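Engineer: what would the 3D arrangement of this be:
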Amino acid sequence: MEHKPVYYSEYLELNKIIDAQHPVSFEKGNQPAHDEMLFIVIHQAYELWFKQVLFELDSVMEILRKPSLHDNSGDMQTIVHRLKRIATILEVLVKQIDILETMTPMDFLDFRDMLRPASGFQSWQFKIIEAKLGLAFDHRHGQHYYTSQLKESDVALIKEAENGESLLKLVNKWLERMPFLQDPSVWNEWTAQQSPAEHPFWKTYEQIYTQGLSEQEKNNANYFKQIFYGTGESSDRSLSPAAARSGLFIMLYHGYPLLELPFQLIDTLLEIDNQMGNWRYRHINMVRRMIGSRVGTGGSTGAGYLQGAMEKHYIFKEISQLNSFLTDRRTLPALPKSVTDRLGYSF
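Structural biologist: Down below sits the predicted model:
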């Protein structure tokens with residue numbers, strides 16, 4: 001098959017991209033503000049990266065929707081690889097603030113008022129990313145405001161994402177499927193009809209964990225039962241007790257080959273949350289530097305709103321909380337040979 005020649009600028013459609021910057025301050029009758037061009041290019045770059053994040057995220061979620069997923073397979077490697085790419089892109093988005101901060105507050109004031117009521121808060125792509133990752137509407141800061149400035153068509157896209165199965169929900173289902181923790185054939189004196197608290201591993205581990213708690217940490221013994229056994233479980237938790245048990249087991253024994261990729265998946269989710277938090281933190285500081293305590297161009301409370309979102313919008317916080325229940329590896333229960341054989345490369 002003959003290959004059709006490709007020309008660089010046509011392939012990238014550079015004519016469309018390079019001609020997509022139209023500063024309001026450069027319009028007839030206005031005083032041109034030099035830094036408005038930088039402002040536009042930075043935000044267009046953000047939206048392009050958001051598009052790539054959504055592209056990677058959708059592909060990861062499609063793989064996780066498969067009815068079965070081997071934890072040492074090519075699919076798992078692909079998931080981890082693409083999640084790490086998302087984390088790296090988010091890191092780049094944080095660094096882009098360095099460029100934006102070369103603009104002084106007075107430079108920004110040269111064109112800021114011309115942008116009303118437009119605001120970065122109207123980025124429907126970013127809200128879809130949050131929703132697809134797992135930020136539920138009920139957990140959003142400023143629920144009354146977050147879509148009030150958007151067109152109905154954009155709101156519909158966000159609601160569709162919120163009503164779909166998020167990455168967090170898919171990860172919960174994946175963790176619940178971990179087979180050997182629930183397989184009676186590899187655990188002596190335990191049947192599937194017994195409660196998780198009677199499982200030989202968890203019974204032993206709970207005892208080791210609670211014995212290692214300091215006096216100030218004694219309440220963690222009750223939290224252990226709530227999170228891993230469902231005792232007094234809160235209905236709004238994202239991780240089921242079964243998923244929480246699998247997640248903690250992966251963290252404890254990730255040195256085994258079969259758990260290496262699952263651990264990287266969990267760890268990368270925490271890095272995504274970390275980079276999202278870094279972005280919000282840098283954004284707050286930049287807004288305070290640029291406009292102080294003034295309201296945003298979209299009508300929000302500016303830095304005040306961003307502070308509230310930063311404190312509340314941690315998507316994988318229940319996974320990160322599992323670290324509260326780790327114990328010294330020197331005290332870890334010895335696993336039965338039937339389990340360690342399955343955790344190795346040959347089983």
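Engineer: any low-confidence regions in this structure?
Structural biologist: Counting by pLDDT under 70, the chain contains low-confidence residues at 72, 141-146, 179-180, 184, 188-190, 192, 233-235, 293-312, 345-347.
Engineer: need the longest helix for it.
Structural biologist: Using DSSP state H to assign secondary structure, the helix with the most residues in the chain is helix 257-291.
Engineer: report the buried residues of that one.
Structural biologist: Neighbour-count burial for helix 257-291 flags 258-280, 282-284, 286-287, 290-291 (criterion: 16 or more other C-beta atoms under 10 Å). In this view, the C-beta of every residue, glycine as well, is placed from N, C-alpha and C.
Engineer: quick one: the strands in the stretch 101-250 of the chain?
Structural biologist: Counting by DSSP state E, counting those that start in this stretch, the stretch 101-250 of the chain yields no residue ranges for strands.
Engineer: can you pull out the helices in it?
Structural biologist: In the stretch 101-250 of the chain, the helices defined using DSSP state H, counting those that start in this stretch lie at 105-109, 124-133, 152-163, 167-176, 200-211, 220-229, 241-252.
Engineer: closest one to residue 4 among those helices?
Structural biologist: Across the helices of the stretch 101-250 of the chain, residue 4 has its closest neighbour in helix 124-133 (31.7 Å, C-beta to C-beta).
Engineer: and for that closest one, what are the contacting residues?
Structural biologist: With contacts defined as C-beta atoms under 8 Å, 6 or more residues apart in numbering, helix 124-133 is touched by 47, 50-51, 53-54, 57-58, 61, 146-147, 150, 154-155, 157-158, 161-162, 164, 166-168, 272, 313, 315-316.
Engineer: please repeat the previous calculation with a cut-off of 6 Å.
Structural biologist: Under the contact criterion C-beta atoms under 6 Å, 6 or more residues apart in numbering, helix 124-133 has outside partners 50, 53, 57, 154, 157-158, 161-162, 166-167, 315.
Engineer: please state the offset of it from the chain centre?
Structural biologist: For helix 124-133, the distance from its own C-alpha centre to the chain's C-alpha centre is 10 Å (C-alpha atoms, centre = their mean, to the nearest Å).
Engineer: hang on, the earlier thing: now do the longest helix of the chain: which elements does it pack against?
Structural biologist: Helix 257-291 sits against helix 74-100, helix 241-252, helix 303-312, with contacts defined as 3 or more C-beta pairs under 6 Å, 6 or more residues apart in numbering; DSSP states H and E.
Engineer: next one: the longest one to chain centre, how far?
Structural biologist: A distance of 11 Å separates the centroid of the chain from that of helix 74-100, by C-alpha atoms, centre = their mean.
Engineer: and the angle for it with helix 167-176?
Structural biologist: Here helix 74-100 runs at 150 degrees with respect to helix 167-176, directions being taken by axes from the mean of the first three to the mean of the last three C-alpha atoms, to 10 degrees.
Engineer: helix 74-100 - contacts with which helices or strands?
Structural biologist: Using 3+ C-beta pairs under 6 Å, 6+ apart as the contact criterion, the elements in contact with helix 74-100 are helix 36-64, helix 257-291.
Engineer: and the second one, by the same measure?
Structural biologist: Using 3+ C-beta pairs under 6 Å, 6+ apart as the contact criterion, the secondary-structure elements in contact with helix 241-252 are helix 167-176, helix 220-229, helix 257-291.
Engineer: and of those helices, who's closest to residue 26?
Structural biologist: Shortest separation from residue 26 across the helices and strands packed on helix 241-252 is recorded for helix 257-291, at 20.9 Å, computed as C-beta to C-beta.
Engineer: the closest residue in space to residue 65 that isn't next to it in sequence: neighbouring residues, count only.
Structural biologist: Once flanking residues are discounted, residue 65 sits nearest to residue 170: 6.6 Å by C-beta to C-beta, 6 or more residues apart in numbering. The tally of other residues near residue 170 (other C-beta atoms under 10 Å) stands at 18.
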